[in-house]
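A.B. asks: Any chance you could fold what I've pasted below:
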Amino acid sequence: MGLFSGTDDLAGLDLGSGAVKAVQLRRVRAGFELVRAGLEPLAPGAVAEGGIEDPGSVAETIRRVFSRSRIRSRKVATSVSGHSVIVKKLTLPVMSREELEESIQWEARQVIPFDLSEVHLDHQVLPSAPGGEDTRVLLVAARKETVASRLEAIAGAGLSPLIVDVDCFALQNAYEANYDPGSSVTAALLHIGAAVTNVVVTRGGIPLFTRDLSAGGNQLTGLLQRQLRIEFEEAERMKKESAVEALEAGPAGALLQSAMETLLLEIRKSLDLFEAGAEGESIQRVYVSGGCSEMAGLMERLQSGLDLPVEPLDPFKSIAVGRGVSEEILYRQASSLAVAVGLALRGFHD
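C.D. replies: Model prediction:
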């Protein structure tokens, strides 16, 4: 699903709070091949609360990513997330297309907490449930100002934004392309970024539940900075390379443990919320991606805290790797590229 239509000649561009990620794919006989990929950190505060605060700085970072990774496409798919994005599932009676459009507009006014003149509105009719006689609709609204800030930065980098999607849907695209789960597996996807954690529960190609949490790796990094009085880069290195137990034993121990538990609590609450309203549906497996997923000991914490099988989501598990892609991309940055991969795949959708 996207807020604008697309084409098959585009790169996936993920403008996160901490970094710009870009991926270019091509179709090959066996599926897809990774042609180019790149990641460049953003200046602190350049992206905040889902909006672009410094379009000039972000545009320069985008140019740097495309130049260093030698991505040739000038057309991109990007995405939005956070509190400025609303995703709702509607259940409506079967009706004509014209009646459905009118009904969706009416329902949108009831469930979207913004004036409809302030949002881009899109919807997708979902497959009917077995034996169901209703029409299921996925409704998406995104604040125009949030979308506009992204388009401004992308245009400033000399690129053409053709698709604006939602992070959660892009994450689901990457999962389905790599794991081919079929209709029997109910999986939770967690993309733990710098400032936002995307939560998706999916089965059979349908997003059953989506939620964006205002929690991520920056909270943990900030604690290390303040308590140890070190630079951001050093705090990031410690967070990823030091064992959680070692960090907790140090000066930042209690606060770091509290921040980690807060993140895990929010994730648990989200998955419990899904299962409480899912009429017997239960999550069978959890896949984790995002830059913060690389934090030492995080997978073990999630495994014990959620009491479910937890594993990293590999966005290149079933995607061939071209000769021009460095090993650093594959082994050090792959987890951060899941949303960008899902966006790049949009170019091949009907």
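A.B. asks: which residues in the stretch 1-150 of the chain form strands?
C.D. replies: Ranges of strands in the stretch 1-150 of the chain, per DSSP state E, counting those that start in this stretch, are 11-15, 19-28, 31-41, 47-48, 51-52, 75-80, 85-93, 119-126, 134-143.
A.B. asks: gap between the third one and the chain center?
C.D. replies: The reference is to strand 31-41. Using C-alpha atoms, centre = their mean, to the nearest Å, the mean C-alpha position of strand 31-41 is found 16 Å from that of the whole chain.
A.B. asks: Kindly report the same for the last one.
C.D. replies: Here strand 134-143 is found 18 Å from its chain centre; the criterion is C-alpha atoms, centre = their mean.
A.B. asks: Quick one: the strands of the stretch 1-150 of the chain as a markdown table, columns for mean neighbour count too.
C.D. replies: Where you see a C-beta, it was placed from the backbone N, CA and C, and this is true even at glycine. Shown next, in a markdown table, are the strands of the stretch 1-150 of the chain (neighbours: other C-beta atoms under 10 Å):
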| stretch | mean neighbour count |
| --- | --- |
| strand 11-15 | 29 |
| strand 19-28 | 23 |
| strand 31-41 | 21 |
| strand 47-48 | 20 |
| strand 51-52 | 20 |
| strand 75-80 | 26 |
| strand 85-93 | 16 |
| strand 119-126 | 17 |
| strand 134-143 | 20 |
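A.B. asks: Tabulate those strands (CSV), appending distance to residue 234.
C.D. replies: Formatted as CSV, the strands of the stretch 1-150 of the chain follow (distance: least, C-beta to C-beta, whole Å):
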stretch, distance to residue 234
strand 11-15, 25
strand 19-28, 17
strand 31-41, 14
strand 47-48, 22
strand 51-52, 27
strand 75-80, 31
strand 85-93, 33
strand 119-126, 40
strand 134-143, 36
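A.B. asks: wait, isn't residue 122 in contact with residue 137?
C.D. replies: No - when contacts are counted by C-beta atoms under 8 Å, residue 122 is not listed as touching residue 137 (10.7 Å).
A.B. asks: picking that back up, in a markdown table: the strands of the stretch 1-150 of the chain, plus distance to residue 331 and mean pLDDT.
C.D. replies: Shown next, in a markdown table, are the strands of the stretch 1-150 of the chain (distance: least, C-beta to C-beta, whole Å; pLDDT from 0 to 100):
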| stretch | distance to residue 331 | mean pLDDT |
| --- | --- | --- |
| strand 11-15 | 19 | 97 |
| strand 19-28 | 16 | 94 |
| strand 31-41 | 12 | 93 |
| strand 47-48 | 26 | 84 |
| strand 51-52 | 30 | 86 |
| strand 75-80 | 25 | 96 |
| strand 85-93 | 32 | 92 |
| strand 119-126 | 36 | 92 |
| strand 134-143 | 34 | 93 |
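A.B. asks: Tell me which stretches of the protein form helices.
C.D. replies: According to DSSP state H, the chain carries its helices in the segments 55-69, 97-111, 144-156, 167-179, 217-228, 232-241, 244-249, 253-276, 298-306, 327-332, 338-345.
A.B. asks: Residues in contact with the longest one: which ones?
C.D. replies: If you take C-beta atoms under 8 Å, 6 or more residues apart in numbering as the criterion, helix 253-276 is touched by 188, 190, 192, 197, 199, 201, 208-209, 211, 213, 215-216, 219-220, 223-224, 227, 244, 247-248, 281-283, 298, 301-302, 305-306.
A.B. asks: What of the second one?
C.D. replies: Outside helix 97-111, the residues within contact range by C-beta under 8 Å, 6+ apart are 86, 88, 90, 92, 95, 116, 121, 123, 125, 135, 137, 139, 141.
A.B. asks: quick one: residue 274 and residue 189, what's the gap?
C.D. replies: 12 Å (C-beta to C-beta, to the nearest Å).
A.B. asks: anything in contact with each of those two?
C.D. replies: Contacts common to residue 274 and residue 189, judged by C-beta under 8 Å, 6+ apart, are residue 201.
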